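Undergrad: Provided below for reference: sequence and predicted model.
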Amino acid sequence: MENILLNKIATSEESILPFDASKAVSESGITAKWVKDIVNEKFFIHHEDSRFNELTGITEEQVNQAKRWVAKTVPASLTVDLGEVRYASRWVVTHLGAIGWDYSYNMQEYTLETSIDGKKWVEVDKVEKNSGYKTDRNFGLLKARYFRLKITKGARINPNLAGVTSFEVFEAGLPNELDNLTLSKGMLKPPFDSKIRNYSSAVDYVVDKIQVTPVAADALATITVNGAAVLNNTISKPIDLKVGLNTITVVVTPPSQTENGKLQLLDQTETVLKPVTYTITITRHSSAYLVSPGIRLKKTATTYYPAATPPFSRTKFGVYSATISAGSSVTIVLSQEDAAASAIIIQDRNILSGHSVTIHSGENRIEIKVTSTSGDIKVYTLIINGL
């Protein structure tokens, strides 16, 4: 699950600049401003530039140490506004010791607090007597818009110093959501994400059946695929695919968490979780291919001329050769992979009204143009030498 605090709006009562609150929730705490300040305005160059170390003398370790929030008073708090209510179940705090500082710079006591409206706060978890470089803990399911890291006892080296290199909260999978969804053929677009409900995929004409494997976030959830029950993390029965668009629906119904069917959250509130539907639209392409025996040259109602050479192959489009007496009438019989595709015969650049050709003396160049219902075109070339 993703870190939902990443690059969100972060604030704190006070910070030691340039180590403001945003550094703890950003992908990179480095800014051009910081680079300029730290080298006394002698240079102005991005830290990822290959010449950075050479020109500034700043090491990669120093760059890493810039990614942190620091405050000079304790208690201190860092608040992040997601802009919307999200579900979460895990938090991670990375201390200064993780980026090269002594362990005595790690925070000792701190709490995680959450709020729906930014006014009423709930203490979710509390860490005491910490000396480690990182805190990574699950706290149970809750929903909130605001997340606050509150430091109540700072660094051992200076208890009034507050600071962390990163503050992360991870989204929770809900009992009415999937953790994963895969197809037996083809790929989902976009790649699966539990929060994305609609997907597409495409398969070749030869794929006339498909199966899906849904994996629920809650092993007790009920899952149906096109209305048929499917066990969690189990492949579905084959689903027939017609040429064109096919819709597959996967419905996840959460188990009843309480007697009234509501889900109890960590902050003692309740929420009603309705069934969630994931929809996959699969396009089965039509085919413009011929299949073995491919091209046959009919002589009479019951007889055929010898097969053209080389032996027919679905993906070999030319040149096939045959020799037939000049003046003969030949009916070209095609074996189409998709009967709905259209085929025309072109003899010496002339489109014929049917599939019968009259062989003249010398080389007869015949093109067989097959067009699928989706507009795909394949052209097979046949040369008949008229003797």
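TA: Okay, I see it. Residues are numbered from 1 along each chain as shown.

Undergrad: for residue 247, grab the count of nearby residues.
TA: 9 (other Cβ atoms under 10 Å). The C-beta positions use only the backbone N, C-alpha and C, and glycine is treated the same way.

Undergrad: just give the nearest non-adjacent residue to it, would you?
TA: Spatially, and ignoring its direct neighbours in sequence, residue 247 is nearest to residue 281 (5.7 Å; Cβ to Cβ, 6 or more residues apart in numbering).

Undergrad: ok, now which ones touch that neighbour?
TA: Counting by Cβ atoms under 8 Å, 6 or more residues apart in numbering, residue 281 makes contact with 198, 199, 200, 201, 245, 246, 247, 248.

Undergrad: apply 7 Å and report the result again.
TA: Residues near residue 281 by Cβ atoms under 7 Å, 6 or more residues apart in numbering: 200, 245, 247.

Undergrad: so which strand or helix has it?
TA: In the assignment (DSSP states H and E), residue 281 maps to strand 276-284.

Undergrad: can you give the strand pairings for that strand, parallel or anti for each?
TA: strand 198-203 (parallel), strand 244-253 (antiparallel) (DSSP bridges).

Undergrad: can I get these in TSV with distance to residue 11 and mean pLDDT?
TA: Shown next, in TSV, are these (distance: least, Cβ to Cβ, whole Å; pLDDT from 0 to 100):
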stretch	distance to residue 11	mean pLDDT
strand 198-203	35	96
strand 244-253	37	96
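
Undergrad: I'd like the ones you listed as TSV, with distance to residue 155 appended.
TA: Listed next are these as TSV, based on distance: least, Cβ to Cβ, whole Å:
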stretch	distance to residue 155
strand 198-203	48
strand 244-253	46
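
Undergrad: out of the ones you listed, which comes closest to residue 179?
TA: strand 244-253 (10.2 Å; Cβ to Cβ).

Undergrad: can you point out the buried residues in the closest one?
TA: By 16 or more other Cβ atoms under 10 Å, the buried positions in strand 244-253 come out as 246, 248, 250, 251, 252, 253.

Undergrad: and the helices in this protein?
TA: Ranges of helices within the chain are 32-38, 52-56, 60-65, based on DSSP state H.

Undergrad: ok, of these, where does mean pLDDT dip lowest?
TA: Out of the helices of the chain, helix 32-38 stands lowest, with a mean of 43 (criterion: mean pLDDT).

Undergrad: helix or strand with the lowest mean pLDDT in the protein?
TA: Using mean pLDDT, DSSP states H and E, the weakest-scoring helix or strand in the chain turns out to be helix 32-38, at a mean of 43.

Undergrad: give me the nearest residue to residue 92, chain neighbours excluded.
TA: Of all residues not flanking residue 92 in the chain, residue 168 sits nearest, at 4.2 Å (Cβ to Cβ, 6+ apart).

Undergrad: pull the contacting residues for the residue most central in space within the chain.
TA: Residue closest to the mean C-alpha point of the chain, counted by Cα atoms, centre = their mean, is residue 191 at 2.0 Å. Listed by Cβ under 7 Å, 6+ apart, the contact set of residue 191 is empty.

Undergrad: where does the stretch 201-350 of the chain dip in pLDDT?
TA: Along the stretch 201-350 of the chain, segments meeting pLDDT under 70 span 256-272.

Undergrad: coming back round to it: quick one, grab the pLDDT at the residue nearest to the centre of the chain.
TA: Residue 191 carries a pLDDT score of 96 in this model.

Undergrad: change the start of the numbering to 279 and stick with it
TA: Taking 279 as the first residue, the last one we looked at is residue 469.
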